[in-house]
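J.: sequence and predicted model, in that order:
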Amino acid sequence: MHFHVQKRKQTPVVIIVALVDVLIVLLIFLMVTTTFKQQPALKLALPESSHGEKTSAQDAAPLIISIAADGSVHLGQDSVAVTTDALKAQLAAAVDKNPELQVALNADKNAPVGQLFKVMDAAKDAGLKKPVNAFTKEAAKP
């Protein structure tokens, strides 16, 4: 009688170091190819001004109110659509939190002028101490 002793096969081994290397290469590739520039939610054509002043980096970031060409009003960096009444209430709440609040108006050059004045009135009614600034683009030099 001849008995064969069967050898146990070794279980396959996964080399973790090689997998980690591949993951690091993929991570580096994604980091290099990704852009971190924030795109604005609204596309606005700003009016030109030859007397515009540039703000310094030391100034506190203002609360931004945007008015689109169709007259819709958006509040903040997230561009949340609001009505003028809701804008007045939100500005009053923001002024209560920060009495030195600065507001910047980001209006399209084709935005209705009436909507612009409604927003400025809402800012005054909210009790802002500082004037409302407006974003413009630099005028083309002749």
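T.: Received the coordinates, thanks. Numbering: from 1, shown residues only.

J.: residue ranges with poor pLDDT in the chain?
T.: Low-confidence segments of the chain, defined by pLDDT under 70, are located at 1, 36-59, 136-142.

J.: where do the helices of it begin and end?
T.: In order along the chain, the chain carries the following helices (DSSP state H): 16-33, 84-97, 113-125.

J.: reformat those as a markdown table; add distance to Ile67.
T.: All C-beta spots, glycine's among them, are computed from the backbone N, C-alpha and C. As requested, these are arranged in a markdown table below (distance: least, C-beta to C-beta, whole Å):
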| stretch | distance to Ile67 |
| --- | --- |
| helix 16-33 | 35 |
| helix 84-97 | 10 |
| helix 113-125 | 6 |
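
J.: tabulate those helices (a markdown table), appending mean neighbour count and distance to Gln77.
T.: Compiled in a markdown table, the helices of the chain are given as follows (neighbours: other C-beta atoms under 10 Å; distance: least, C-beta to C-beta, whole Å):
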| stretch | mean neighbour count | distance to Gln77 |
| --- | --- | --- |
| helix 16-33 | 9 | 24 |
| helix 84-97 | 15 | 13 |
| helix 113-125 | 16 | 17 |
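
J.: how far does stretch 3-14 stretch from start to finish?
T.: Stretch 3-14 has its terminal residues 34 Å apart, counting by C-alpha to C-alpha, to the nearest Å.
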